[in-house]
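Student: sequence plus the predicted model coming up.
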Amino acid sequence: MFFFLFVIVNFLRGDSGSYPKISEIDSGRYQFGDILIDKKKRQFALPAICNQTSGLIEYALVHENGKTHESLFRTTVSPKLIHATFLLLKENPNPDFFTLLENNRNLSKINSLQILVEWEDNSSWVKEDLNAMVRNEAVSRQLSENSFIFTGSRVIEGNYLAELDGSIVAVYHDNRATINSRDEHSSSDDLWIANHEKMPPKDFPVTIRFQLPTND
């Protein structure tokens with residue numbers, strides 16, 4: 001049963017009331033706080049706000065109490081809730097990601113995520129890949145496709161560090177973030193800028209959709 005999977009988030013629980021209840025909307029679709037889960041499609045979506053449309057960035061998405069001055073988007077959804085959603089969809093984190101990086105090992109076999117940003121513009125919906133919104137200023141290209149990896153944040157003395165920092169989707173390597181990038185230049189935090197041409201207007205509401213790997 002889908003609800004049985006909820007027990008696996010207990011290691012993230014800071015107190016007994018830290019997670020919202022899961023409500024079934026219809027067959028295979030659930031509401032988990034502000035996160036809409038589609039179990040059949042192995043995807044989930046959450047609301048966010050366009051935080052900046054130009055300048056240097058280190059993150060694609062942060063919590064509203066996080067490093068908003070360095071991020072494309074901000075959200076009210078907590079990093080712990082996002083991590084729990086991955087677990088509910090039976091997607092495990094890749095904690096060895098940083099060890100593999102340090103040893104120059106091949107990362108291509110690690111499951112990657114597709115992250116889409118959607119918003120309404122003049123009564124029509126616009127959809128953009130999140131990686132296309134991030135440009136490498138040094139080599140004049142966008143963040144490579146299939147870059148985003150669910151690494152999970154470090155946990156120290158019971159503290160999920162992404163929850164403390166608000167760091168959800170990092171563009172550069174950050175072991176305190178919930179999601180990281182395996183782009184070959186993501187070791188640097190001073191190469192990445194917002195791709196203004198792909199961005200919605202500043203402070204515009206958007207939906208961010210996370211597509212997990214499927215067997216199709």
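Tutor: Alright, I've got the coordinates.

Student: figure out the helix or strand that the residue nearest the centre of the chain lives in.
Tutor: By Cα atoms, centre = their mean, the chain has its centre lying nearest to residue 169, at 4.2 Å. For residue 169, the enclosing helix or strand under DSSP states H and E is strand 167-170.

Student: next SSE downstream of that strand?
Tutor: Sequence order places strand 179-181 as the next helix or strand after strand 167-170, per DSSP H and E.

Student: pLDDT of that next one, averaged?
Tutor: Mean pLDDT, strand 179-181: 96.

Student: what's the answer for stretch 43-56, then?
Tutor: The model assigns stretch 43-56 a mean pLDDT of 97.

Student: list the buried ones in that stretch?
Tutor: Within stretch 43-56, the residues scored as buried using 16 or more other Cβ atoms under 10 Å are 43, 44, 45, 46, 48, 49, 50, 51, 52, 53. (Each C-beta comes from the backbone N, C-alpha and C, glycine too.)

Student: counting contacts, what elements does the strand holding residue 169 pack onto?
Tutor: When contacts are defined as 3 or more Cβ pairs under 8 Å, 6 or more residues apart in numbering; DSSP states H and E, strand 167-170 sits against strand 59-63, helix 79-88, strand 179-181.

Student: right, and residue 68 touches residue 75 too?
Tutor: No - using Cβ atoms under 8 Å, residue 68 is not in contact with residue 75, being 10.3 Å away.

Student: residue 30: neighbour count?
Tutor: A count of neighbours around residue 30, defined by other Cβ atoms under 10 Å, yields 19.

Student: for residue 40, that is, sorry about that
Tutor: Neighbour count for residue 40, taken as other Cβ under 10 Å: 9.

Student: find the nearest non-adjacent residue to it, please.
Tutor: Nearest in space to residue 40, with sequence neighbours left out and distances taken as Cβ to Cβ, 6 or more residues apart in numbering, is residue 28 at 4.1 Å.

Student: picking up where we left off before, which among the helices and strands packed on strand 167-170 is found nearest to residue 110?
Tutor: Evaluated over those, closeness to residue 110 peaks at strand 179-181, with 10.2 Å, by Cβ to Cβ.
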